[in-house]
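Asks: sequence? don't have it. structure:
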């Protein structure tokens, strides 16, 4: 983002601070977005080491260039049925606060820019409100489509995820 401001100021271009870029991905027949500010990189699915006695959505740990990070299956995290992984399955490596986590998703869609005026609060229908809303902070309108915008902090910060990270830290 800093490079974008520097480049824009050199060209005397005004950067629109009312827009946010999101990495979009497929999961459970829906398109979700996570702020590009949280995304470190996208990698293919790697072999992971399972961690006993953790939640079913915590798939295990991977070694990413010498750093051990936990990976979670977003589909299972949302309470959906697991899907067999294939060549489109990807891992979005995100950073929230000082934590690095891998999110296993069905596939990558791309980067979209969504203005604040095109972001709405999630609907309050009962099933959506009780399940997805705890992770979805908004609905982004992009043309005729909508993207469910995720709060990465809520997605990864709960008791079971913290337990895995404490075990990882204790083993280093």
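Replies: Alright, I've got the coordinates. Just so it is clear, the model here is predicted, and its values are computed rather than measured.
Asks: okay, CA-based contacts and neighbour counts for the rest of this
Replies: Will do.
Asks: contacts only, for residue 88.
Replies: Going by Cα atoms under 8 Å, 6 or more residues apart in numbering, residue 88 touches 106, 107, 108.
Asks: all strands of this protein, in order?
Replies: 19-27, 30-35, 39-44, 58-64, 67-73, 90-96, 99-105, 107-115, 119-120, 136-142, 145-150 (DSSP state E).
Asks: pull out the buried residues from stretch 97-115.
Replies: Residues 100-108, 112-115 are the ones in stretch 97-115 that count as buried (16 or more other Cα atoms under 10 Å).
Asks: what mean pLDDT does it get?
Replies: Throughout stretch 97-115, pLDDT has a mean value of 95.
Asks: over to stretch 40-58?
Replies: Stretch 40-58 comes out at a mean pLDDT of 94.
Asks: on that earlier part again, JSON lines please, covering the contacts of residue 88 and showing distance to residue 42.
Replies: Formatted as JSON lines, the contacts of residue 88 follow (distance: Cα to Cα, whole Å):
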{"residue": "106", "distance to residue 42": "12"}
{"residue": "107", "distance to residue 42": "10"}
{"residue": "108", "distance to residue 42": "9"}
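Asks: that older thread, point out the most buried one among the strands of the chain.
Replies: Highest mean neighbour count of those: strand 99-105, a mean of 23 (counted as mean count of other Cα atoms under 10 Å).
Asks: quick one: that one to chain centroid distance?
Replies: Here strand 99-105 is found 7 Å from its chain centre; the criterion is Cα atoms, centre = their mean, to the nearest Å.
Asks: shaky segments in the chain?
Replies: Applying pLDDT under 70 to the chain picks out residues 1-17, 124-133, 158-172.
Asks: at 90 instead, please
Replies: Flagging of the chain using pLDDT under 90 yields the residue ranges 1-18, 28-29, 78-80, 97, 120-137, 143-144, 154-172.
Asks: now render the strands of the chain as TSV, adding distance to residue 51.
Replies: Below are these laid out as TSV (distance: least, Cα to Cα, whole Å):
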stretch	distance to residue 51
strand 19-27	23
strand 30-35	26
strand 39-44	20
strand 58-64	5
strand 67-73	9
strand 90-96	18
strand 99-105	15
strand 107-115	24
strand 119-120	37
strand 136-142	27
strand 145-150	25
